[in-house]
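Provided below for reference: sequence and predicted model.
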Amino acid sequence: MLQLAKGLSLLCASLVFWACASAVPPSRIADYVPADQPSDPSLLTSEPRLRAGLVLISDTSAPDAAPNLPDEAMMKLGEELKQEISQVLPVTITDVIPADGIRPLDGNRAQLADLAKKHGLDYLAVVVLSSTEQEYPMSVFVGWTTHMVPGFRRDNWSLLEFALLDVKDGKVLMRADGRGWATLDRPTVPDINQWYPVVWLRPQEPARRYWPPTYEGAPNTLRVVSFNQAARRLTTSLQHAWTDQLEEGSAARRNS
């Protein structure tokens, strides 16, 4: 009975965590690509392989937004997304374009189109990055089970939102997103134990851990791990979206 109660407790905690994570952070892409912008997903199946630029927009405008990824981590994430998008969609990402000057919409809907034209592109893959964090005190185990010391736990929820734009006609060819979650545990003082600070994935992979290279840089490692999880899920979401478009196109041809 005790084991059953523990199992139910863990299940409830997991369900609550996932329910919260599915809405945190809230979507930010409408501040850059309006929700009412016309869509035309059929272009992906009717045109030869498209050539597009990739722009990563780090949105920290929300009151509870976490800090930006470090520049080096942003560059690495951009290169990884460049490869992944080119593999799962009929799109060749030619360049990762700096998002200099791109701001949340203030009535200017042309800023992304202007950016694409500046680089001689007809298509633009937009990825908006956002995340939020919550830190609270807790006790951490030193030696895992024998002794506990004061510490902190920080949870990070990250979101990558994707839109593929036809900048000539002002249409959206595809939308997708991916979410990530990660946790940082650390004692209140550095160098107290070789196992801390530690970043881990919960509740999905609690045994998988990452050790930040420094105590001070641990929050950045947390954000990198969380966004890497979001990138994996974005890739899966793009694969599903592309498969759905192919199936819809095939069904339409059969019925015509």
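Nice, I can see it. Numbering: from 1, shown residues only.

Spatially central, which residue of this protein would that be?
Nearest to the geometric centre of the chain sits Leu160, at 3.0 Å (CA atoms, centre = their mean).

For it, identify the helix or strand it belongs to.
strand 147-166 (DSSP states H and E).

how about that strand: buried residues?
Residues 151, 153-166 are the ones in strand 147-166 that count as buried (16 or more other CB atoms under 10 Å). Placement of C-beta: from N, CA and C, glycine included.

got a list of what Gln140 touches?
If you look again at residue 140, you'll see it is Val, not Gln. Contacts here follow CB atoms under 8 Å, 6 or more residues apart in numbering; on that basis Val140 touches 148-151, 185-187, 196.

what is the mean pLDDT for the host helix or strand of it?
Element membership of Val140, judged by DSSP H and E, is strand 123-142. Averaged over strand 123-142, pLDDT sits at 94.

Quick one: distance of it to the chain centre.
Taking CA atoms, centre = their mean, to the nearest Å, one finds the center of strand 123-142 at 10 Å from the center of the full chain.

can you check stretch 69-76 too?
For stretch 69-76, the distance to the chain centre is 13 Å (CA atoms, centre = their mean).

quick one on the thing from earlier: so what's the residue nearest to the centre of the chain up against?
127-129, 177-180, 227, 230-231, 233-234.

Ile102 too?
So, once contact is read as CB under 8 Å, 6+ apart, Ile102 ends up touching 32, 55, 57, 111-112, 115.

any chance of those in JSON lines, with secondary structure, neighbour count and distance to Pro203 too?
Converted to JSON lines, those look like this (DSSP: H, G, I helix; E, B strand; the rest coil; neighbours: other CB atoms under 10 Å; distance: CB to CB, whole Å):
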{"residue": "Tyr32", "secondary structure": "coil", "neighbour count": "21", "distance to Pro203": "31"}
{"residue": "Val55", "secondary structure": "strand", "neighbour count": "25", "distance to Pro203": "33"}
{"residue": "Ile57", "secondary structure": "strand", "neighbour count": "20", "distance to Pro203": "30"}
{"residue": "Gln111", "secondary structure": "helix", "neighbour count": "14", "distance to Pro203": "39"}
{"residue": "Leu112", "secondary structure": "helix", "neighbour count": "22", "distance to Pro203": "37"}
{"residue": "Leu115", "secondary structure": "helix", "neighbour count": "21", "distance to Pro203": "39"}
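
Could you give the number of residues near the nearest residue to Pro41 once chain neighbours are set aside?
Once flanking residues are discounted, Pro41 sits nearest to Gln245: 5.4 Å by CB to CB, 6 or more residues apart in numbering. Neighbour count of Gln245, defined by other CB atoms under 10 Å: 18.

Tell me the confidence at Gln245?
For Gln245, pLDDT reads 84.

what sits against it?
By CB under 8 Å, 6+ apart, the contact set of Gln245 is 41-42, 44-45, 174.

Check those for burial and list the buried ones.
Neighbour-count burial (16+ other CB under 10 Å) applied to the contacts of Gln245 gives 41, 44, 174.

Could you confirm the first one falls within a helix?
What that stands for is Pro41. No. With DSSP: H, G, I helix; E, B strand; the rest coil as the criterion, Pro41 is located in coil rather than a helix.

Could you single out the nearest of the buried residues of strand 147-166 to Tyr136?
Arg153 (6.0 Å; CB to CB).

shouldn't the closest one be in contact with Asp185?
Yes. Contact criterion CB atoms under 8 Å: Arg153 and Asp185 qualify, at 5.4 Å.

any shared contact partners between these two?
Common neighbours of Arg153 and Asp185 (CB under 8 Å, 6+ apart) are Met138.

Pop out the phi and psi values for Val199.
Per-residue torsions, Val199: phi -110, psi 130 (degrees, to the nearest 10).

Spatially nearest residue to it, not counting backbone neighbours?
Closest residue to Val199 apart from its sequence neighbours, by CB to CB, 6+ apart: Tyr210 at 4.3 Å.

Good, wrapping up.
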